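Asker: Provide a 3D model corresponding to the input given below.
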Amino acid sequence: MDRLQTLKAKKSRRIVGLMSGTSADGIDAALVEVEGAGPGTRIKLLAFQTLPMHDTLRQGVFSLFGPAATLDELCQLNFALGEAFAQAALEVIRGAGLEPRAVDLIGSHGQTVRHLPLGRPASTLQIGEPAVIAQHTGIPTIADFRPADMALGGQGAPLVPLVDFLLFGHGLRGRAMLNIGGIANATLLPAGGEAGQAWAFDLGPGNALIDGAAARFSGGREHCDRDGRGAAAGKVHEEVLAELLTHEFLHLPPPKSTGREQFGAAFLESLFSRHRLEPADWLATLTAFTARSIAEGLARFALGRTAVDEVWVSGGGAHNPVLMARLRADLPGLKVGSLDELGISVDAKEAVAFAVLANETLMERPGNLPAATGARGPAVLGKICLV
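Answerer: Modelled structure (predicted):
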């Protein structure tokens, strides 16, 4: 515990944030210099890398999404992912020209394999054993951020809103911070607002359905519709799009969160069994669905409550020009830009967020926003593994 007290007393801390998202295509690692805590937080991104997840490991993760997964597979993959996360942390530290002893802390989101916020009881599970990360790197590690919020009746997601407020709140312009990973979520930041006025929710599928379709049509050779080329070659099937937009989740009021349990392989298989389209038309239609569900979700639940001038996009979806063009068309009158324009890579944002959340935990500060998750109150997030 003396080590933690020493870290708390430092003016600034070097923290690695680790993130593997719904697509499980790689591990994002960001090395961040974090000064202060809470509203006074200042950061500097020192290095960022994405380490592709080895095919065997990725296949193991996807096997856990299915009903036939065994406890042995879950147990072993938890430790194997811990080793992979540790390697990602060491790689980004080396890439910055530093030694592990020069880094103070690691914050790891882990890999979500189940997220059941509406279950009885509500539950979630992220794996990538933090004790393994700590022992392999020699760096104290904070992980398992979601359960503390759920223990207070929250949905354990989204957790990035506090970081959005700390890093991107603006005194004069209302902002929607939109992340399009496997799932799309947005944080609403009123101009000049305080942390308690920021709120957020999951909007629905981000890249999950597009990626799943691209993998299916390429026989597994592709993990995504690279540069939106497949969608650009296809035509949107309006009847299928209209059916997709009736999905129950899209019409639920916030707080709400979702995952592959609703928008994953089973969803796609059911959809493909009901309709027959060409592969490019599927990609075009699923891309249109992602854009429209985001735009309609913002219009339905957010824009009437929070004045928004700008939408800043991060995550893998920001690299898809077809998706970005559709978003701009579906959100007329709003500036829709890439987070790169604000000085943080679209790919690095969530890894940076878990570095900042680890810093909040170290300083014994809450990391959730109850208005976003539905929790009964603020919670200090995560569990600490020391070495």
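Asker: switch to C-alpha atoms for all contacts and neighbour counts from now on
Answerer: Noted.
Asker: tell me which element G107 is part of?
Answerer: strand 105-116 (DSSP states H and E).
Asker: what angle do whatever helix or strand comes next after that strand and strand 105-116 make?
Answerer: Counting by DSSP H and E, the element after strand 105-116 in chain order, helix or strand, is strand 123-127. Calculated by axes from the mean of the first three to the mean of the last three Cα atoms, to 10 degrees, strand 123-127 forms an angle of 130 degrees with strand 105-116.
Asker: Give the partner strands of strand 123-127 in its sheet and their orientations.
Answerer: Sheet pairing of strand 123-127 (DSSP bridges) gives strand 105-116 (antiparallel).
Asker: Name the helix or strand for A266, please.
Answerer: Going by DSSP H and E, A266 is part of helix 265-274.
Asker: those strands in the stretch 101-250 of the chain, which residues are they?
Answerer: Taking DSSP state E, counting those that start in this stretch to define them, one finds strands in the stretch 101-250 of the chain at 105-116, 123-127, 141-143, 175-180, 183-189, 199-205.
Asker: right, so of these, which gets closest to L250?
Answerer: L250 sits nearest to strand 199-205 of all the strands of the stretch 101-250 of the chain, at 6.4 Å, using Cα to Cα.
Asker: what sits up against that closest one?
Answerer: 157-158, 161, 182-189, 249-250, 254-259, 263, 290, 293-294, 297-298, 369, 371-373 (Cα atoms under 8 Å, 6 or more residues apart in numbering).
Asker: cool, stretch 225-232 as well?
Answerer: 210-211, 214, 279-285, 287, 319-323.
Asker: can you tell me the distance between the two ends of that stretch?
Answerer: Start-to-end span of stretch 225-232 (Cα to Cα, to the nearest Å) is 10 Å.
Asker: which SS state does Q5 fall under?
Answerer: helix (DSSP: H, G, I helix; E, B strand; the rest coil).
Asker: that older thread, gap between the strand holding G107 and the chain center?
Answerer: Remark: strand 105-116 is offset 10 Å from the chain centroid, using Cα atoms, centre = their mean, to the nearest Å.
Asker: Ok, stretch 165-178 next?
Answerer: How far stretch 165-178 lies from its chain's middle: 18 Å, per Cα atoms, centre = their mean.
Asker: Same question for stretch 232-246.
Answerer: With Cα atoms, centre = their mean, you get 26 Å for stretch 232-246.
Asker: Give the buried residues for it.
Answerer: Neighbour counts over stretch 232-246 (16 or more other Cα atoms under 10 Å) mark 232, 234-236, 240-241, 244-245 as buried.
Asker: what is the mean pLDDT for that stretch?
Answerer: The pLDDT scores in stretch 232-246 average 98.
Asker: ditto for stretch 60-74
Answerer: The model assigns stretch 60-74 a mean pLDDT of 91.
Asker: Show residues contacting that stretch.
Answerer: Outside stretch 60-74, the residues touching it (Cα under 8 Å, 6+ apart) are 24, 77, 113-114, 260-261.
Asker: Give me the contacts around the helix holding A266.
Answerer: By Cα under 8 Å, 6+ apart, the residues outside helix 265-274 that reach it are 209, 212-213.
Asker: Just the CA trace of that helix, in PDB.
Answerer: The C-alpha trace of helix 265-274 is given here as PDB (Å, rounded to 0.1, in the frame of the first residue of the first chain):
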ATOM      1  CA  ALA A 265     -23.600 -13.700 -34.800                       C
ATOM      2  CA  ALA A 266     -27.000 -15.000 -33.900                       C
ATOM      3  CA  PHE A 267     -28.600 -11.700 -35.000                       C
ATOM      4  CA  LEU A 268     -26.800 -11.900 -38.400                       C
ATOM      5  CA  GLU A 269     -27.700 -15.600 -38.900                       C
ATOM      6  CA  SER A 270     -31.400 -14.900 -38.300                       C
ATOM      7  CA  LEU A 271     -31.300 -11.900 -40.600                       C
ATOM      8  CA  PHE A 272     -29.500 -13.800 -43.400                       C
ATOM      9  CA  SER A 273     -32.000 -16.600 -43.100                       C
ATOM     10  CA  ARG A 274     -34.900 -14.300 -43.700                       C
END
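Asker: quick check: mean pLDDT across that helix?
Answerer: Computed over helix 265-274, the mean pLDDT rounds to 95.
Asker: Report the buried residues of it.
Answerer: 265, 268.
Asker: list the helices and strands the helix or strand just after that helix packs on?
Answerer: Next helix or strand after helix 265-274 toward the C-terminus (DSSP H and E): helix 279-301. Judged by 3 or more Cα pairs under 8 Å, 6 or more residues apart in numbering; DSSP states H and E, helix 279-301 is in contact with strand 199-205, helix 208-217, helix 229-232, helix 238-244, helix 248-251, helix 321-330.
Asker: Contact partners for P121?
Answerer: Counting by Cα under 8 Å, 6+ apart, P121 has no contacts.
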